[in-house]
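> Give me coordinates for this.
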Amino acid sequence: MIDVSTAQKLVMSHCSINNKSVEVSLHDASDYVLAENVISKIDMPPFRQSAMDGYALHVGDTSTYRLVGEVKAGDNSNLKLNTGEAVRIFTGAAVPDTANTVIMQEKVIVKGGLITIEGALQTNLNIRPKAEQIKIDDIALTKGTTIKGAHIGFLASLGVTAITVYEKPSIAIVVTGNELVIPGNPLSFGEIYESNGAMLAAVLRELGYKSVSVLTVKDDYQCTKKTLKDTIENYDLTIVTGGVSVGDYDFVGKALNDLKVEEIFYKVKQKPGKPLFFGKKGSASIFGLPGNPAAALSCFYMYVYSHLKKMEGAINTNLLSISMPLVSDYTVKGDRAQFLKAKIVDGGVEVLGGQSSAMLRTFGEANALVFLPEGTKHISKDQHVKTIVLPTK
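Down below sits the predicted model:
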């Protein structure tokens, strides 16, 4: 059994990066990873731009200027201002070449065709310089960037319509267990509804992974082996839930061994999720997650998430981790490292009740996991703890 840090390092060091790329429409690019740098084809802004509604003028030895026109956003005229002249201008409009300052309208008195400036005049006020954001031929976004809404807005402002991204990994979720029943069917005594497949598929879709298949397998060795053989051959990543332990009806480990999957590690000194498996066969990755739902989801966030991000070439592969004070005392049960369902509230982090590896209800309230290293016995109120922010929406 290995520790959490070693397990996480092994997961990342045994990761096959997908070098296949595809061009996608900018509007469909959210959550994809850039496969090449994006170069700006224009200056942004492409002209000197007014930062507010006001009056553009060339500063002289007077506080009174004659109004000679108006410039709205989108106007393509470049009015020439002589000494003592000004134009009404609006936010986003092109500042005339002969103007060297924009005075906000609140500091101007308008009377007839004249304006009087209140206070001292300065040059270069409220003017966004040409190419303030980016110059033509500069790198707009770097290869490896995971595209988010703000990136799409920025690239759209540069006139970009399509970008080259890495193909997302294909993922198979294999759910095992005789006791599992698909929701919508009646339960017999001793049976429970299957939730892991639905949960993991939903989380993956939230993260932008669309090529996801969910397969259910009864506790039968031949069926388990055949299903795993198919997913390992046809998908980049296989996630198995349940059947990884060493019970009489846990066939996943035997099937993976017979399929010549290289075991990178099995079992991590952590709670929840001790019976975690990670293996490789060729470029395919295989994770065996615990069958208990909360344990499966914790292991997904702490191991599978980063592995997937690295597979698709992302620069930033880890969830955001911050140090936060606990809002109340917490006593640890056992000596293993702990991933505790938690909620960030009012500048602190609260460890939630219902920490059982079988309980998903608390996970629905959580927006973070608190990590406590192995050997931790007690954490006092206001003591800072490592807090992993979950990608909840």
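> Can you name the next helix or strand after the lowest-mean-pLDDT helix or strand in the chain?
The least trusted helix or strand in the chain, going by mean pLDDT, DSSP states H and E, turns out to be strand 180-181, with a mean of 82. Past strand 180-181, heading to the C-terminal end, the next element that is a helix or strand (DSSP states H and E) is strand 192-193.
> What is that next one packed up against?
Using 3 or more CB pairs under 8 Å, 6 or more residues apart in numbering; DSSP states H and E as the contact definition, the elements that strand 192-193 packs against are strand 180-181. The way it works is simple: take the backbone N, C-alpha and C, and place the C-beta from them, glycine included.
> So which residues of the stretch 1-150 of the chain form strands?
Secondary structure of the stretch 1-150 of the chain (DSSP state E, counting those that start in this stretch): strands at 21-25, 38-39, 49-50, 54-57, 64-71, 85-89, 101-104, 108-111, 114-117, 127-128, 139-141.
> residues contacting the nearest residue to N178 once chain neighbours are set aside?
Excluding the flanking residues, the one nearest N178 by CB to CB, 6 or more residues apart in numbering is D219, at 4.7 Å. With contacts defined as CB atoms under 8 Å, 6 or more residues apart in numbering, the neighbours of D219 are T176, G177, N178, G243, Y249, D250, F251.
> I'd like these written out as CSV, with neighbour count, secondary structure and pLDDT added.
Formatted as CSV, the contacts of D219 follow (neighbours: other CB atoms under 10 Å; DSSP: H, G, I helix; E, B strand; the rest coil; pLDDT from 0 to 100):
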residue, neighbour count, secondary structure, pLDDT
T176, 28, strand, 90
G177, 20, coil, 82
N178, 12, coil, 81
G243, 24, coil, 72
Y249, 13, coil, 48
D250, 19, coil, 72
F251, 23, coil, 87
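> before we move on, the earlier item: single out the most deeply packed of the strands of the stretch 1-150 of the chain.
Compared across those, strand 54-57 shows the largest average neighbour count, a mean of 26 (mean count of other CB atoms under 10 Å).
> Which of the helices or strands spans the residue nearest to N178?
Taking DSSP H and E as the criterion, no element holds D219; it sits outside all helices and strands.
> low pLDDT regions in the protein?
Along the chain, the parts satisfying pLDDT under 70 run over 245-249, 393.
> try 50
Applying pLDDT under 50 to the predicted model, the residue ranges of the chain that meet it are 249.
> So which residues of it form helices?
4-13, 149-157, 196-206, 221-234, 252-258, 293-299, 305-311, 361-365 (DSSP state H).
> now for the last one, which elements pack on it?
This points to helix 361-365. Counting contacts by 3+ CB pairs under 8 Å, 6+ apart, helix 361-365 packs against helix 293-299, strand 337-345.
> which residue lies farthest from the center of this structure?
For the chain, the C-alpha lying farthest from the average C-alpha position belongs to G112; by CA atoms, centre = their mean, that distance is 55.2 Å.
> That one and T64, how far apart?
To T64, G112 is 11 Å away according to CB to CB, to the nearest Å.
> closest one to E374 among the helices of the chain?
The closest approach between E374 and any of the helices of the chain, judged by CB to CB, belongs to helix 4-13 at 7.6 Å.
> Quick check: buried residues in that closest one?
Neighbour-count burial for helix 4-13 flags V4, A7, Q8, L10, V11 (criterion: 16 or more other CB atoms under 10 Å).
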